[in-house]
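S.K.: pasted the sequence and its predicted model underneath.
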Amino acid sequence: VAHLTIEAVALGLSAHQMAGFDGAKARELFDLPEDYETLTIIAIGYQGELDTLTEDLQEREKQTRTRKPMTEFVFSGHWNQPLDVAEAESLAATH
């Protein structure tokens with residue numbers, strides 16, 4: 001997915017990986033074989049114009065995006081033991 005996204009951007013496209021999709025519906029729509037499992041859905045295409053969206057979607061697109069801090073989902077040594085990012089960067093710099 002990372003390489004696909006990088007290639008899409010290099011070609012002037014946007015790529016958006018999605019979760020929360022209906023795997024059974026994807027199987028039906030795309031005639032996927034039963035022995036395959038849909039793990040992710042990725043939309044790839046050209047970025048649309050903001051003014052083509054409804055007002056509520058325009059407002060949503062204009063909002064500042066936030067990300068969870070890495071300490072909430074990157075662990076070291078044991079589950080739920082947050083990685084000390086500064087320490088990890090320091091170790092990486094010495095190797």
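M.R.: Received, thanks. Numbers count the residues shown, from 1 in each chain.

S.K.: the strand or helix carrying residue 89: how far from the chain's middle?
M.R.: Taking DSSP states H and E as the criterion, residue 89 maps to helix 85-94. Here the centre of mass of C-alpha atoms in helix 85-94, compared against the chain's by C-alpha atoms, centre = their mean, to the nearest Å, lies 25 Å away.

S.K.: do stretch 61-69 as well
M.R.: Centroid separation between stretch 61-69 and its chain, computed with C-alpha atoms, centre = their mean, is 13 Å.

S.K.: show me which helix or strand of the chain is least confident by mean pLDDT.
M.R.: Scoring the helices and strands of the chain by mean pLDDT, DSSP states H and E places helix 85-94 at the bottom, with a mean of 72.

S.K.: quick one, helices of this structure?
M.R.: 2-10, 23-30, 55-62, 85-94 (DSSP state H).

S.K.: let's have those helices in TSV, adding mean neighbour count and distance to residue 49.
M.R.: Using the backbone N, CA and C atoms, a C-beta is placed for each residue, glycine as well. Conversion of the helices of the chain to TSV gives the following (neighbours: other C-beta atoms under 10 Å; distance: least, C-beta to C-beta, whole Å):
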stretch	mean neighbour count	distance to residue 49
helix 2-10	11	19
helix 23-30	11	27
helix 55-62	10	10
helix 85-94	9	38
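
S.K.: nearest to residue 42, of those?
M.R.: helix 2-10 (6.8 Å; C-beta to C-beta).

S.K.: point to the residue nearest the middle of the protein.
M.R.: Against the mean C-alpha coordinate of the chain, by C-alpha atoms, centre = their mean, the closest residue is residue 17 at 4.5 Å.

S.K.: now the closest residue in space to that one that isn't next to it in sequence: how far from residue 55?
M.R.: Leaving aside its chain neighbours, residue 17 sits nearest to residue 42 (5.1 Å; criterion: C-beta to C-beta, 6 or more residues apart in numbering). Using C-beta to C-beta, to the nearest Å, one gets 28 Å for the distance from residue 42 to residue 55.
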